[in-house]
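J.: fold the following.
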Amino acid sequence: MIGSPRVVPLCSALLFAGGCGKAAAEPAESAHGLPSEAPALGPATEVSVPEPSPDALDDEPAISDGEQLPADSAAPRLASYAGRFQGELLSTNELVPAMTYLRWKHGALTGSYTFGRELDERGTLRDCSEPEPDVVRCEWRDEYGTGLLKLHFSNDTSYFEGEWSPEDEPELSHPWTGMRIGGTGEVEQGSADSEPAGD
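T.: Next comes the predicted model:
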């Protein structure tokens, strides 16, 4: 908090150096060696100690107790990927229809998906992040197992070309694609249109 300058008596500051105290306490002697009346002491000499300038304080971020600095710009970028995507993924050595739902809620990107000839197989997407621009990385999980999904988005996030790999065979890579058919991102979405109930 900025206030008026602190005032420190100079004599107090000099006590530790032996510069005052005795001299101030003993009366002055006259030319004949006889004590003379001590002159009336005036107020102690004062020194102003300035506070930091307002310009210097402006450089520090204002954070109240319990408040944290905002994270980098990753959150708005992650939010822009939210939406509903129609495409395909490889399952049991066959490309089958797939619907991918990405949801931005409570400051996190998660999702779900359906796949198969009847779109009757379901799974979830968790721990989504953006390791590099236009790339979303998630953990996929369904009744067949779990693993890594990496989606490479177009600059306008209208489609992605991705690949998934099983957790026990991370060196394998299988296609997973999607074209945006709903959702615009940039908003908090509780669920996309026609999104299946997730876990």
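J.: okay, now the domains of this protein?
T.: 1-27+40-60, 74-182 (automatic domain parsing).
J.: where among those domains is the average confidence lowest?
T.: Ranked by mean pLDDT, the domains of the chain bottom out at domain 1-27+40-60, with a mean of 48.
J.: mind listing the helices for this structure?
T.: According to DSSP state H, the chain carries its helices in the segments 10-14, 22-25, 54-58, 74-79.
J.: and residue 144, how many neighbours?
T.: Residue 144 has 12 neighbouring residues, counting by other CB atoms under 10 Å. Backbone N, C-alpha and C define where each C-beta goes, glycine included.
J.: swap that for residue 118, sorry
T.: 9.
J.: contacting residues around residue 179?
T.: Counting by CB atoms under 8 Å, 6 or more residues apart in numbering, residue 179 touches 85, 86, 87, 158, 159.
J.: who is the spatially closest residue to the first one that is not a sequence neighbour paired with across the strands?
T.: In other words, residue 85. For residue 85, ignoring the flanking residues on the chain, the nearest one in space by CB to CB, 6 or more residues apart in numbering is residue 178 at 3.0 Å. Beta bridges link residue 178 to residue 160, judged by DSSP bridges.
J.: residue 178 and residue 168, how far apart?
T.: Going from residue 178 to residue 168 by CB to CB, to the nearest Å gives 25 Å.
J.: where do the strands sit along the protein?
T.: In the chain, the segments counted as strands under DSSP state E are 6-9, 46-49, 83-91, 94-105, 108-115, 121-132, 135-142, 145-153, 159-166, 174-182.
J.: neighbours around residue 96, how many?
T.: Residue 96 has 15 neighbouring residues, counting by other CB under 10 Å.
J.: isn't residue 121 up against residue 115?
T.: Yes. Counting by CB atoms under 8 Å, residue 115 is a contact partner of residue 121 at 5.1 Å.
J.: anything in contact with each of those two?
T.: By CB under 8 Å, 6+ apart, residue 121 and residue 115 have these common neighbours: residue 91.
J.: look at the two and report which has more neighbours.
T.: Between residue 121 and residue 115, counting by other CB under 10 Å, residue 115 is the more crowded of the two (22 against 17).
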